[in-house]
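Participant: The sequence and its predicted three-dimensional model are supplied below.
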Amino acid sequence: MTPNTLLDHLDQGLLWPAPSGLSLDDAYAQALAVRRLRIARGEQPRGYKVGFTNRSIWPRYNVFAPIWGSVWDSTLTLCEGEGSVSLAHTCQPRLEPEVVFGLKATPAPDATLDDLFAAIDWVAPGFEVVQSHLPDWKFVPPDTVADGALHARLLVGRRTPVRELARSAATLDTLLAQARVSLLKHARAVEEGQGSNVLDSPLRALQHFTQTLRACPGAPDLQAGDVITTGTWTDAWPVAPGEHWSARFTSPLPSLSVHFAA
């Protein structure tokens, strides 16, 4: 699979003819090559998605470590609590409720939780639509990286300045770890999750990602204005046009709803 072939499948929502056959390092190199192609045609990176931080679902997907990929101006939607997202040209889309951070500065080298807290601008609930271009979501970890880290869409809800939620990293870490979410389809609960599912807390998932990103050859560093997802609190649920889903988070996070269009 060449970068151009990978991008073509992303654009058209088509299944791959076969697994990528790449090593993990080569998969990140291919993903960065696809990133350059998207920038060259005019798309603008808006941040990063971090996936597979929820250890409880690792055995279901045969992936046992987090991955990351890019979020784009063409895939990102902001709302104040309810939004609409098109599933056009997605491939086997699924939905994930999670916490999203917005940065106001590049985190310090070897960033501690305190350093990350100082670099965060806001915190918000998010719905990421993920996808797989391999049949039945059957893959090995390098496939998920080459497949854009499975990112398709990101809906970000009401953004709350971080210092309205907590006055320290330790407090934010605890608040987000203890928060819970109920995921609903057409007002019927389908699953519950907790912030501690994602590497013990979303803030710790962000710290792990920062270290991993900086260890990847050729990867750009985090910048002010970047939006970063931190991983699903539940399993990823299949979605289709016409459906309405909600995530009811406990304090300190607001709820988020989405309607899916064709």
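Facilitator: Okay, I see it.

Participant: going forward, measure contacts between C-alpha atoms and count neighbours the same way
Facilitator: Noted.

Participant: Only C-alpha atoms, please: export the worst-scoring helix or strand of the chain on mean pLDDT in CSV.
Facilitator: When the helices and strands of the chain are scored by mean pLDDT, DSSP states H and E, helix 58-61 comes last with a mean of 95. Only the C-alpha atoms of helix 58-61 are listed here, as CSV (Å, rounded to 0.1, in the frame of the first residue of the first chain):
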residue,chain,number,x,y,z
TRP,A,58,-7.6,-4.3,23.7
PRO,A,59,-8.4,-8.1,23.5
ARG,A,60,-11.4,-7.4,21.3
TYR,A,61,-9.3,-5.7,18.7
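
Participant: Point out the other helices and strands that the following helix or strand past that helix packs with.
Facilitator: Sequence-wise, the next helix or strand downstream of helix 58-61 (DSSP states H and E) is strand 67-72. Counting contacts by 3 or more CA pairs under 8 Å, 6 or more residues apart in numbering; DSSP states H and E, strand 67-72 is packed against strand 45-51, helix 141-146, strand 151-156.

Participant: Now tell me what touches the second one from outside.
Facilitator: Helix 141-146 has contacts (CA atoms under 8 Å, 6 or more residues apart in numbering) with 6, 19-24, 27-28, 30-31, 62-63, 67-69, 132, 150.

Participant: buried ones in the helix or strand that contains residue 189?
Facilitator: In the assignment (DSSP H and E), residue 189 maps to strand 188-194. By neighbour count with 16 or more other CA atoms under 10 Å, strand 188-194 contains the buried residues 192-194.

Participant: which residues does residue 193 bridge with?
Facilitator: Judged by DSSP bridges, the bridge partners of residue 193 are residue 181.

Participant: Give the full set of residues in contact with it.
Facilitator: When contacts are counted by CA under 8 Å, 6+ apart, residue 193 is found next to 180-182, 233-234.

Participant: So which of those residues wins on neighbours?
Facilitator: Neighbours were tallied for each of these (criterion: other CA atoms under 10 Å), and the maximum of 29 neighbours falls on residue 233.

Participant: Find me whatever residue is spatially closest to that one, sequence neighbours aside.
Facilitator: Spatially, and ignoring its direct neighbours in sequence, residue 233 is nearest to residue 193 (4.9 Å; CA to CA, 6 or more residues apart in numbering).

Participant: so what pLDDT did that neighbour get?
Facilitator: What the model reports as pLDDT for residue 193 is 98.

Participant: and if you look at residue 1?
Facilitator: At residue 1 the predicted local distance difference test score is 85.

Participant: neighbours of the closest residue to it other than its chain neighbours, just the number please.
Facilitator: Among residues not flanking residue 1 along the chain, residue 20 sits closest, at 6.0 Å (CA to CA, 6+ apart). Counted with other CA under 10 Å, the burial measure for residue 20 works out to 20 neighbours.

Participant: mind starting the numbering at 53 from now?
Facilitator: I'll keep to 53 as the first residue from here, and by that count the last item is residue 72.

Participant: residues touching residue 72, list them.
Facilitator: For residue 72, the contacting residues are 53, 194-195, 198, by CA under 8 Å, 6+ apart.

Participant: Please apply the same query to residue 224.
Facilitator: With the criterion set at CA under 8 Å, 6+ apart, residue 224 makes contact with 217-218, 255.

Participant: Could you dump those into JSON lines with neighbour count, distance to residue 176 and pLDDT added?
Facilitator: Rendered in JSON lines, the data for these read as follows (neighbours: other CA atoms under 10 Å; distance: CA to CA, whole Å; pLDDT from 0 to 100):
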{"residue": "217", "neighbour count": "17", "distance to residue 176": "11", "pLDDT": "96"}
{"residue": "218", "neighbour count": "16", "distance to residue 176": "14", "pLDDT": "97"}
{"residue": "255", "neighbour count": "27", "distance to residue 176": "12", "pLDDT": "98"}
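
Participant: can I get the residues you listed in JSON lines with distance to residue 141 and secondary structure?
Facilitator: Listed next are the contacts of residue 224 as JSON lines, based on distance: CA to CA, whole Å; DSSP: H, G, I helix; E, B strand; the rest coil:
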{"residue": "217", "distance to residue 141": "37", "secondary structure": "helix"}
{"residue": "218", "distance to residue 141": "39", "secondary structure": "coil"}
{"residue": "255", "distance to residue 141": "32", "secondary structure": "helix"}
